[in-house]
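In: Here is a sequence with its predicted model. Questions after.
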Amino acid sequence: MKSLLIAENILPLGEFKSQASRVLREMNASQRPVVITQNGRPAAVLLTPEEFDRLQEQVRFITAVQRGLAESKAGEVMTDRQVDKLLDEEFGTLKRK
């Protein structure tokens with residue numbers, strides 16, 4: 001995600017309402033988020049769908065890593081043989097060198 005430009009990417013709700021199509025076109029072209037304010041305070045952040053998907057995937061990855069680290073710390077680990085057995089059961093036996 002590109003950095004937010006204060007002068008360009010923050011606008012009041014009224015301006016967004018009246019120029020939504022232009023704002024969305026510019027947001028997609030610049031790939032920068034847009035902050036919508038209401039009564040002078042941040043009320044919403046607009047992202048492109050691609051950026052939203054990327055952030056969601058990043059959250060899923062970080063969550064999986066944190067879970068794995070917690071399981072490892074708790075001693076919930078498997079040997080290579082246990083992993084091989086589970087994979088063989090799930091996907092069939094593979095020829096190993």
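Out: That came through, no problem. Residues are numbered from 1 along each chain as shown.
In: for the protein, longest helix please?
Out: Criterion DSSP state H: the longest helix present in the chain is helix 49-73.
In: Next, the buried residues of that helix.
Out: By neighbour count with 16 or more other C-beta atoms under 10 Å, helix 49-73 contains the buried residues residue 51. Glycine gets a C-beta too; all of them are placed from N, C-alpha and C.
In: Same question for stretch 70-83.
Out: Applying 16+ other C-beta under 10 Å to stretch 70-83 flags no residue as buried.
In: Can you get me the start-to-end distance on that stretch?
Out: Terminal residues of stretch 70-83 lie 18 Å apart, using C-alpha to C-alpha, to the nearest Å.
In: can you list contacts of that stretch?
Out: residue 86 (C-beta atoms under 8 Å, 6 or more residues apart in numbering).
In: After the lowest-mean-pLDDT helix or strand in the chain, which helix or strand is next?
Out: None of the helices or strands of the chain scores lower by mean pLDDT, DSSP states H and E than helix 6-9, at a mean of 70. Counting by DSSP states H and E, the next helix or strand C-terminal to helix 6-9 is strand 10-12.
In: In which helix or strand does residue 93 reside?
Out: Counting by DSSP H and E, residue 93 is part of no helix or strand.
In: cool, and residue 25?
Out: Secondary structure assignment for residue 25, by DSSP H and E: helix 20-30.
In: same check, this time on residue 75
Out: Judged by DSSP H and E, residue 75 forms part of no helix or strand.
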